[in-house]
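Colleague: Model the following, please.
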Amino acid sequence: MSTAATSTVPRLVTPQFVLLGSAGLAYFLADGMLVPAVPRYVAGQLAGGNLAVGLVVAAFSLSALILRPWAGRLVDRHGRSIAMIGGGITFAASVAAYGLVDSVGALSALRLLTGVGDAFFFVGAVTAMSDLAPAERRGEAISLFSLSLYAGLAIGPPIGEGLGGLAGFGTVWLVAAGSALVAVLLALRVGETREPTTDDPGDQPVRLIPRAAVVPGLLLVALVWGMAGFLAFVPLYALDLGLPGAGFVLFGFAAIVVVIRSVGARIPDRLGAVRCVRVSLLCSTIGLALIGGWPTVPSLVLGTAVLGIGVALGTPAIMMLALDRAGAGERGAVMGTVSMSIDLATGLGPATFGLVAAGLGRGSGFLAAALVAAAGLALAVAGGRRTASE
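Modeller: Numbers count the residues shown, from 1 in each chain. The predicted structure is shown next:
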């Protein structure tokens, strides 16, 4: 009887899924190497000031943000593989060329091109992941795939810093480009995952922002908004509370996310997308309110833990919600729009936090972020009621 029950559970971790996760790891490792290297290169080799550093770093996010919906449409029309391969090659070529320019303007132009590559590779990869995941295991698939992002962005920066110190920035650019090309080779092995369909996408009405992505996109903005502000300002807030630094707080936050996304990968599937989104936004609201409302070290630690639970559960659940509402022919567009919400919140969260903190203090910045998460929770509750009544 147990054998029959086990056989009804569709398989998730196939060789193709492992190859896709490996491609994601190689790509995010390349991306992670650039995180510390680019600002240091601008400030050191190019003798740029704070404005120049901000311009070069932001150029990547700008093009990636704008192009994700278009990348999603290309993925739906022409396949996931072409987006991953083309995006990975564009990323690698632009990064390899960093060492050939000697001005902030030229490097900013290359960074825009790097963002183009990121938009297409990421949307292609996350859509391919949704193709390979059985519907009842999508939350688990998203959780596991996200570990490649966290691993790459955890390991990549130390590698970038080490290579830059030992062999110079030129070596960092070439190694990062090589890692991106490894991702391309692995993507070639993954192949095309788009499901065959009898519909001609050219005959369908085209929506750049599909309806299925609007509410999940707003929910993801509400979730990531507070997380982005937390990551940007908790190092300074820890000093305000008399701590020597925020290293153990940030490590604890990351550890909670990684443990839940790995050991607890099936939690979103078992709870269901709607319920899990509500739990995640409730945790985010409480966690941010604890940090900002009670400026003590125990509240910071407890609030960080609760926020970590919310973030760990929220992204997989929100993407599940989006995929459940999307047809097979618009998965790319939906994933492109939903992932664009991450870029948007990552930019707006720290900016608004800073504005509030400048006038009312850093604790108030966390409380403002808690209000944004609470607004997302209200939207999730209202959306769930509307769905139940239909």
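
Colleague: In what element of secondary structure is residue 213 found?
Modeller: Assessed by DSSP states H and E, residue 213 sits inside helix 211-240.

Colleague: Give me the below-cutoff pLDDT ranges for the protein.
Modeller: 1-7, 9, 196-208, 327-328, 384-390 (pLDDT under 70).

Colleague: Next, name the residue at the spatial heart of it.
Modeller: With distances taken as C-alpha atoms, centre = their mean, the chain has residue 342 as the residue nearest its mean C-alpha position (6.0 Å).

Colleague: Please list all residues in contact with residue 99.
Modeller: Taking C-beta atoms under 8 Å, 6 or more residues apart in numbering, we find residue 99 in contact with 169-170, 173-174. All C-beta spots, glycine's among them, are computed from the backbone N, C-alpha and C.

Colleague: in stretch 232-241, what counts as buried?
Modeller: 232-234, 237-238 (16 or more other C-beta atoms under 10 Å).

Colleague: State the pair within those residues that is farthest apart.
Modeller: 232 and 238 (12.6 Å; C-beta to C-beta).

Colleague: Do you have the helices of the stretch 101-250 of the chain handy? List them.
Modeller: Under the criterion DSSP state H, counting those that start in this stretch, the stretch 101-250 of the chain contains helices at 104-132, 138-167, 169-190, 211-240, 247-262.

Colleague: ok, and what's touching stretch 48-67?
Modeller: 38-39, 42-43, 46, 104, 107-109, 111-116, 118-120, 122, 340, 343-344, 346-347.

Colleague: Go again with 7 Å.
Modeller: The list of residues contacting stretch 48-67 from outside it, by C-beta atoms under 7 Å, 6 or more residues apart in numbering, reads 38-39, 42-43, 104, 107-108, 111-112, 114-116, 118-119, 340, 343-344, 347.

Colleague: Show me where the stretch 251-390 of the chain has its helices.
Modeller: 267-271, 273-293, 297-325, 331-360, 362-389.

Colleague: May I see the ones you listed organised as TSV, with distance to residue 250 added?
Modeller: Below are these laid out as TSV (distance: least, C-beta to C-beta, whole Å):
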stretch	distance to residue 250
helix 267-271	23
helix 273-293	13
helix 297-325	8
helix 331-360	15
helix 362-389	15
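
Colleague: which stretch among those helices comes nearest residue 222?
Modeller: The nearest among the helices of the stretch 251-390 of the chain, by C-beta to C-beta, is helix 362-389 at 2.5 Å.

Colleague: domain assignment for this structure?
Modeller: 12-194, 211-389 (automatic domain parsing).

Colleague: could you measure residue 46 against residue 64, distance?
Modeller: From residue 46 across to residue 64, the span is 22 Å (C-beta to C-beta, to the nearest Å).

Colleague: between these two, who's got more neighbours?
Modeller: Remark: of residue 46 and residue 64, residue 64 carries more neighbours, 25 against 16, as counted by other C-beta atoms under 10 Å.
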